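Enquirer: only the shape, not the letters, is given here:
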């Protein structure tokens, strides 16, 4: 098994841990993959960091992960980033940016 197959398996395992609410294990698996720039891993890490799921909440890091995933054209992250701007969660409220990201997520 090569490095890429191993990473793909770790990503799948991390997503499965997230979906079954085993957040501490999900963080262990997804964090290094998110640091490598994987949008799906960054999106899920952002959710866990924003809400303190399996970790201490870190809104600044949650925003950075969500913004990076959104800029990588990940639609779920684009929608979630729009919501962050709309509600003023993890960042300052900004309706214009909210509309921009909601629009991108719908394209």
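Expert: It's in. In this text, all values refer to a predicted model and were calculated from it rather than measured experimentally.

Enquirer: in the protein, which spans are helices?
Expert: Ranges of helices in the chain, per DSSP state H, are 3-19, 23-35, 39-51, 59-71, 75-87, 95-106.

Enquirer: can I get those in JSON lines including mean neighbour count and mean pLDDT?
Expert: For glycine as for every other residue, the C-beta is placed from the backbone atoms N, C-alpha and C. As requested, those are exported to JSON lines (neighbours: other CB atoms under 10 Å; pLDDT from 0 to 100):
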{"stretch": "helix 3-19", "mean neighbour count": "14", "mean pLDDT": "91"}
{"stretch": "helix 23-35", "mean neighbour count": "19", "mean pLDDT": "97"}
{"stretch": "helix 39-51", "mean neighbour count": "23", "mean pLDDT": "98"}
{"stretch": "helix 59-71", "mean neighbour count": "20", "mean pLDDT": "98"}
{"stretch": "helix 75-87", "mean neighbour count": "20", "mean pLDDT": "98"}
{"stretch": "helix 95-106", "mean neighbour count": "15", "mean pLDDT": "97"}
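
Enquirer: residue 44 and residue 88: what is the separation?
Expert: 22 Å (CB to CB, to the nearest Å).

Enquirer: again but with residue 20, I slipped
Expert: 31 Å.

Enquirer: give me the most central residue, the chain.
Expert: residue 43 (1.4 Å; CA atoms, centre = their mean).

Enquirer: might you report the residue contacts of that residue?
Expert: Counting by CB atoms under 8 Å, 6 or more residues apart in numbering, residue 43 makes contact with 65, 66, 69, 74, 76, 77, 80.

Enquirer: rerun that using 7 Å as the cut-off
Expert: Applying CB atoms under 7 Å, 6 or more residues apart in numbering to residue 43 gives the contacts 66, 69, 74, 76, 77.

Enquirer: repeat that for residue 14.
Expert: Applying CB under 7 Å, 6+ apart, the residues near residue 14 are 26, 29, 30, 33, 41.

Enquirer: of all these, which two lie farthest apart?
Expert: 26 and 33 (10.7 Å; CB to CB).
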